[in-house]
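S.K.: here's a sequence, model it:
(one chain, ligands or ions: 3)
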Amino acid sequence: MTELNEQYVDSLYGQDEDLERVKAGIAAQGMRDISVADGYGRLLTMLATLSKAKDALEIGALGGYSGICLARGLQSGGKLVSLELLQSYADLARKHMNEAGLGDSVEYRVGDAKASLAQLKEEGRTFDFFFIDADKEGYPVYLDYAIALARPGAVIVGDNILLRGRTINTAKEGPAVRAVRSFNEAIARDERLLSTVLPGYDGLAIAIVK
Ligand code: SAH
Ligand code: DHB
Ligand code: MG
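M.R.: Ligands and ions are numbered 1, 2, ... in the order given. I've put the predicted structure just below:
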């Protein structure tokens with residue numbers, strides 16, 4: 001039922017050339033397409049626009065789908081810093097950003113996001129938008145860094161907080177599941193945040209740093 005509703009909502013929208021190119025590029029590399037859901041990609045563009053974000057930080061680039069969505073919502077002259085573990089993925093994402101005409105607005109930093117985040121903190125960088133979407137074990141640490149690097153009023157979004165059913169499956173106790181549960185509890189309870197969690201698709205957490 002939920003899936004049919006999602007399919008219906010998705011069917012209202014026409015094809016998006018830039019995002020179709022990302023999907024085709026990911027398939028051509030034989031990579032699994034775990035780009036953010038179309039409806040949440042649109043929400044990223046809307047939230048970036050509504051929050052008048054100038055500097056955004058993405059954790060997990062893959063093929064550049066969410067990068068395009070984020071960059072589209074940035075103020076003119078705005079910049080996206082995108083953290084990606086694998087050089088080949090960052091290269092593919094860069095290619096798709098260039099093809100979408102957004103190449104000037106993105107900087108990739110390759111390697112474990114935890115090291116890149118420590119480096120950004122060292123550099124004194126701050127951001128007004130965060131999209132957390134890399135390894136699920138890292139989510140609690142990524143949330144701590146996002147809060148530490150946030151300007152007042154910054155938006156923090158986290159993808160896949162339902163882990164396709166594993167988050168609520170009490171038989172599951174692996175490191176990713178534990179980390180995401182702890183991330184979700186922090187999103188809901190941390191007094192520095194104003195938040196909500198959307199259960200559609202694979203779940204999306206949205207918070208504002210007060
Ligand atoms: N945000 C992308 C999808 C990201 S998929 C989109 O919606 O278009 C998750 C990505 O996180 C993968 O590209 C993976 O290589 C990357 N990743 C996994 N572990 C990481 C780590 N420790 N540091 C940085 N990136 C990581
Ligand atoms: C999966 C989906 C994602 O969006 C992601 O970031 C990681 C994994 C998945 O469905 O396995
Ligand atoms: Mg994801």
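S.K.: how about the helices in the chain?
M.R.: Along the chain, the segments classed as helices by DSSP state H run 2-11, 17-28, 38-50, 65-73, 87-99, 113-122, 139-149, 175-189.
S.K.: which non-adjacent residue is nearest the residue nearest the centre of the chain?
M.R.: The centroid of the chain falls nearest to F131 when counting by C-alpha atoms, centre = their mean (3.3 Å). Excluding its sequence neighbours, the residue lying closest to F131 (C-beta to C-beta, 6 or more residues apart in numbering) is E58, at 4.6 Å. From N, CA and C alone the C-beta is placed, and that goes for glycine too.
S.K.: tell me how far G138 lies from S116.
M.R.: Between G138 and S116 the distance is 11 Å, computed by C-beta to C-beta, to the nearest Å.
S.K.: need the residues of the chain near ligand 3, please.
M.R.: By C-beta under 5 Å from the ion, the residues of the chain that approach ligand 3 are D133, D159, N160.
S.K.: swap the cut-off to 6 Å and go again
M.R.: Contact residues (C-beta under 6 Å from the ion) of the chain with ligand 3: I34, V36, D133, D159, N160.
S.K.: so what touches stretch 155-164?
M.R.: 36, 40, 44, 47-48, 51, 53, 66, 128-133, 136, 139, 142-143, 146-147, 150, 167-168, 176-177, 180, 183-184, 187, 193, 197, 199, 202-209 (C-beta atoms under 8 Å, 6 or more residues apart in numbering).
S.K.: typo on my end, it should be stretch 20-30
M.R.: Contacts with stretch 20-30, where a contact means C-beta under 8 Å, 6+ apart, come from 32-33, 35, 62-65, 68, 88, 92, 95-96, 99-100.
S.K.: so which of the residues you listed are also by ligand 2?
M.R.: For ligand 2, no contacts are drawn from the contacts of stretch 20-30 by C-beta under 6 Å from any ligand atom.
S.K.: out of the residues you listed, which are buried?
M.R.: S35, L62, G63, G64, Y65, I68, L92, K95, H96, E99, A100 (16 or more other C-beta atoms under 10 Å).
S.K.: confirm for me that the second one is in contact with R32.
M.R.: No. L62 is beyond contact range of R32, at 9.3 Å (criterion: C-beta atoms under 8 Å).
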